[in-house]
Structure formats: structure tokens, C-alpha cells
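>>> Take a look and give me a structure for this.
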Amino acid sequence: MTETLPPCPECSSAYTYEMGALLVCPECGHEWSPASAEPAGSGAGDGVTRDAVGNVLADGDTVTVVKTLKVKGSPSGIKAGTKVRNIRLVDGVDGHDIDCKIDGFGPMQLKSSVVKKA
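Next up, the predicted model:
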């Protein structure tokens, strides 16, 4: 291999690999696009909300939950693959930047790092 891949931005693992158009970390499971790897330092302050893969999110988008989430007071939680329609981007508390209504759970806030644009 002549090309060296960047380390994982989540866990700093050096064992990243390419899968299609994405880079993947086998240790923590984080996926990101190579284009978003370079401006990661400046991308946080540009006011754009991005999903777990790096797609830009906007009000009214439909997203899919990428990992199972525990919900306080619910025995099952939100399963991976759950579609959430008509999201609204907000300045939430503790990184929760998506305001939405999930069928069976009601209104709640999600982090953009746990959803993927559908």
C-alpha cells in the first residue's frame, strides 16, 4: 500500500480501512468520509450539522438511527434502523442537536452522531 490512511477521529486508532467511499475504524466502528477528515478541526465551528457519516443535515430531513439507543423508562429503547421523519435542528443540551418525534416514544432530542441521512 502506497497510500497511508488517517487515524480514526473518534479513538485515534491507526487500523482504519476503506469501505467504498468511507473510511472505517474496526476498533470503535466509526465511519467517516475522507473529505471530512481534513477539515475536521475547522468543520466544528462552521455552523453546519452533519450526521454520523458526514452528510449535511437540514430541517425537515428524514434520518435513520445507526445504533441502538437506551431510553430511560423504556425496556426496549430505540432500535438501530428506526426512521425518524421531519427532524428539526436545534442548539440542544449536551450535544443533542436534533429535535424530533419518534413513533412509539414521542418527542425527544438526538445527537447527530447517532443518525444517518436517509
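>>> chain center to stretch 6-25, what's the gap?
Offset of stretch 6-25 from its chain centre (C-alpha atoms, centre = their mean, to the nearest Å): 15 Å.
>>> Pull up the gap between the nearest residue to Arg88 once chain neighbours are set aside and Val63, please.
Take Arg88 and drop its neighbours on the chain: the residue closest to it by C-beta to C-beta, 6 or more residues apart in numbering is Asp99, 4.4 Å away. Using the backbone N, CA and C atoms, a C-beta is placed for each residue, glycine as well. Going from Asp99 to Val63 by C-beta to C-beta, to the nearest Å gives 12 Å.
>>> What helices and strands are in contact with the helix or strand where Lys101 lies?
Per DSSP states H and E, Lys101 falls inside strand 96-102. Contacts defined by 3 or more C-beta pairs under 8 Å, 6 or more residues apart in numbering; DSSP states H and E place strand 96-102 against strand 83-84, strand 88-89, strand 106-111.
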